[in-house]
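# Give me coordinates for this.
(one chain, ligands or ions: 1)
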Amino acid sequence: MPVITVDHLIGGRRIAAGARTSSVYDPASGVVTKQLPLADSSTVRAAVEAAQEAFPAWRSTQPLKRARVLACFQRLLDERKDEICALITAEHGKTVADSMGELQRGIENVEYATYVPELLKGEHSRNVGPGIDTWSELQPLGVCAGITPFNFPAMVPLWMWPMAVACGNTFVLKPSERDPSAPLFIAELALEAGLPPGVLNVVQGDKQAVDALLADERVQAVSFVGATPTAQYVYSTGAAHGKRVQALGGAKNHAVVMPDADMPATIRALVGAAFGTCGERCMAISVAVAVGEQTAAALVEGLKAEMGRMKIGPGADTSCDMGPLVTRTHEQKVRGYVDKGVAEGAELVVDGRGLAVAGHSEGFFLGPCLFDHVKPGMVIHQEEIFGPVLCVMRVRTLAEAIAAINSHPYGNGTCIFTRDGEAARYFSDEIQVGMVGINVPLPVPVAYHSFGGWKRSLFGDLHAYGPDAVRFYTRRKVITQRWPSTGASERTAFSFPSSQ
Ligand code: NAD
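Got it, this is the predicted structure:
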């Protein structure tokens, strides 16, 4: 297969600058399919320059016209979704159905951004003083940047730039270097929809490109999604350069299974939530907390049986439930965690390490793994594995389950399976986690609510997409106005103005 070069997109043109390159793989075959130029600081500067130049005209384009461009873009995404999903699957490895799900969630974020004329309406107060009116406006910031992870190459960029540009900003996107083609293709569709050149730019790259964006004083705000150590670094470095930053990090999501849960439905939900996208989701359920020994025994037996029915193979094969991991390095890292769990004394009930996928011996495959008797403090419980590994912890009470979750450093998502409304309400009140499901395994908020975890899963104040995105990508200005009028006082006032 010929190796293709993926480009940057700067000022509406594709550019292949960069002395360094990195390889993009087909995870199902292990073959290098593309070369990616890695932007150096001069390429990043050129992208920021293009965004800066495009800002004054885009800022003064009527919000309704900006919304119409996004509405057209939404239609194009819908028309071209098969091509986009094929690109996601070819570079990420997830199944096509899963790519469709991710893209659909991204499209819903674009749809929400088309409501921007309504969302940007400020507040108005008449007669705050004699003949004086006050109102507030939400104004764009200028050039914003987005740095995104490999696991949602279409959806996470669509969490960010559509709302940023809808609000009148211009944007530089730095997608993951592992699966860069879908975000580039999508950015070109935005140009086709009528987004003026320079309003959205894409730079391909790694840490060097990120550092250049963080240091550039023209970049006003940075949205980041990725692993917690990177999130913390981006947050502190961006803030030190005076930028507004939101940095979403990693996760370890627990599902509490109560004795009264609908067990067959819970088992199906857990297997889908743990092994969908090969466990490479920040909302994946990676720990099931069984309350009571009988619950645990039924749960483990049921999970084992359901996992035995899973079909693992290339994401492009529509009969498969789970594809490969994204890279060889990541596959080896996840295998290392399975070895570690065994060494730590957890019981490996289902061992996926021996999986062989016919015709794909070089692919980055690992079968689903299930650990039982996992204890708080074990490395496989403390750290994010980000692969097809589900841990079962056994506790005696709901209070014990809540204590184990609340003492964990991550706080992205969690859920409870129960028929007891009182227990569910107590759980959602007491749990220190940002997104909570009640009999819903993946409580990823819809586009008109915002997404974000607590503790080490998010650095910054505002969550991603939804109403918080409007707040993040705008600055509030409050204007107080009086026009010359008859009867106004002719005395000079030295006291502080008040309503007395
Ligand atoms: P990552 O942190 O390795 O990379 C994310 C981005 O940061 C990429 O664009 C990458 O090029 C860049 N980057 C990597 N190392 C860097 C460094 N040292 N300095 C500056 N930039 C750097 O994350 P990933 O492996 O691509 O994605 C998986 C992680 O993302 C998981 O931890 C997952 O939980 C997390 N994630 C979180 C959410 C959320 O909403 N909280 C959503 C999706 C993924």
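
# Point out the residues in this structure that sit beside the ligand.
When proximity is defined by Cβ under 6 Å from any ligand atom, the chain lies next to the ligand at 147-152, 156, 174, 176-177, 206-207, 210, 225-227, 230, 233, 248-251, 282, 384, 386, 412, 453, 457. (Glycine included, C-beta is placed from N, CA and C.)

# if I pick whichever residue of the stretch 251-400 of the chain sits closest to the ligand, what's in contact with it?
Checking the stretch 251-400 of the chain residue by residue against the ligand with Cβ to the nearest ligand atom singles out Cys282 as nearest, at 3.2 Å. Contact partners of Cys282, counting by Cβ atoms under 8 Å, 6 or more residues apart in numbering, are 151, 225, 248, 250-251, 412-413, 453, 457.

# Among the residues of the chain next to the ligand, which ones are in strands?
Among these, the members found in strands (DSSP state E) are 147, 174, 225, 248.

# so the first one bridges to which residues?
Yep, that's Ile147 we're talking about. Listed beta-bridge partners, Ile147: Lys174, Phe224 (assigned using DSSP bridges).

# And for the last one?
Partner residues in beta bridges with Leu248: Val225, Leu458, with DSSP bridges as the criterion.

# With adjacent residues omitted, what lies nearest to the closest residue to the ligand within the stretch 1-150 of the chain?
Closest contact between the stretch 1-150 of the chain and the ligand, by Cβ to the nearest ligand atom, is at Pro149 (3.0 Å). Nearest non-adjacent residue to Pro149, counting by Cβ to Cβ, 6 or more residues apart in numbering: Gly226, 4.3 Å away.

# Which pLDDT does the model give that neighbour?
With respect to pLDDT, Gly226 scores 98.

# outside of stretch 448-465, which residues touch it?
109, 112, 159-160, 163, 223, 225, 228, 231-232, 234-236, 245-251, 282, 408-413, 432-435, 444-445, 447, 466-469, 471-472.

# hey, C-alpha coordinates of that stretch in CSV?
Output of stretch 448-465 as CSV, limited to C-alpha atoms (Å, rounded to 0.1, in the frame of the first residue of the first chain):
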residue,chain,number,x,y,z
TYR,A,448,-26.9,20.7,25.2
HIS,A,449,-25.5,19.7,28.6
SER,A,450,-21.8,20.1,29.4
PHE,A,451,-19.2,17.3,29.8
GLY,A,452,-16.6,17.2,32.6
GLY,A,453,-15.2,15.2,35.4
TRP,A,454,-14.0,16.1,38.9
LYS,A,455,-10.7,15.7,40.7
ARG,A,456,-7.8,14.7,38.5
SER,A,457,-10.2,14.2,35.5
LEU,A,458,-10.4,18.0,34.8
PHE,A,459,-8.2,21.0,35.4
GLY,A,460,-10.1,24.3,35.0
ASP,A,461,-13.5,25.6,35.9
LEU,A,462,-15.6,25.1,32.8
HIS,A,463,-16.7,21.8,31.3
ALA,A,464,-16.5,20.9,27.6
TYR,A,465,-19.3,21.6,25.0
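
# could you give me the average pLDDT of that stretch?
97.

# ditto for stretch 44-59
Stretch 44-59 shows a mean pLDDT of 98.

# what does stretch 165-178 give?
The pLDDT scores in stretch 165-178 average 98.

# chain center to it: distance?
13 Å (Cα atoms, centre = their mean, to the nearest Å).

# ok, now which ones touch the closest residue in space to Val210 that isn't next to it in sequence?
Nearest non-adjacent residue to Val210, counting by Cβ to Cβ, 6+ apart: Ile147, 5.5 Å away. Shown in contact with Ile147 (Cβ under 8 Å, 6+ apart): 174, 210, 213, 222-226, 234.

# what do you get if the cut-off is 10 Å, keeping everything else the same?
Contacts for Ile147 (Cβ atoms under 10 Å, 6 or more residues apart in numbering) come out as 156-157, 160, 172-176, 203, 205, 209-210, 213-214, 222-226, 230-231, 234, 238, 247.

# among these, which ones are buried?
Restricting these to buried positions leaves 156-157, 160, 172-176, 203, 205, 209-210, 213-214, 222-226, 230-231, 234, 238, 247, with burial counted as 16 or more other Cβ atoms under 10 Å.

# what about the helices in the stretch 1-150 of the chain?
Shown for the stretch 1-150 of the chain, the helices assigned by DSSP state H, counting those that start in this stretch span residues 41-59, 63-79, 81-92, 96-113, 116-119.

# Quick one, which of those gets closest to Gly292.
In terms of Cβ to Cβ, the element of the helices of the stretch 1-150 of the chain nearest to Gly292 is helix 96-113, at 33.2 Å.

# quick check, distance from the closest one to the centre of its chain.
Per Cα atoms, centre = their mean, the centroid offset for helix 96-113 relative to its chain is 12 Å.

# For that helix, buried residues please.
Those would be 96, 98-103, 105-113, for helix 96-113 by 16+ other Cβ under 10 Å.

# Name the nearest of those residues relative to Asp372.
Taking the buried residues of helix 96-113 together and measuring to Asp372 by Cβ to Cβ, the closest member is Asp98, at 26.9 Å.

# The closest one reaches Ala154, doesn't it?
No. Applying Cβ atoms under 10 Å as the test, Asp98 and Ala154 come out as separate, 11.3 Å apart.

# intersection of neighbour lists for these two?
85, 88, 92.

# what are the phi and psi angles of the residue nearest to the last one when sequence neighbours are not counted?
Meaning His92. Spatial nearest neighbour of His92, chain neighbours left out: Asp179 (4.7 Å); criterion: Cβ to Cβ, 6+ apart. Dihedral angles of Asp179 (phi, psi; degrees, to the nearest 10) stand at phi -140, psi 70.
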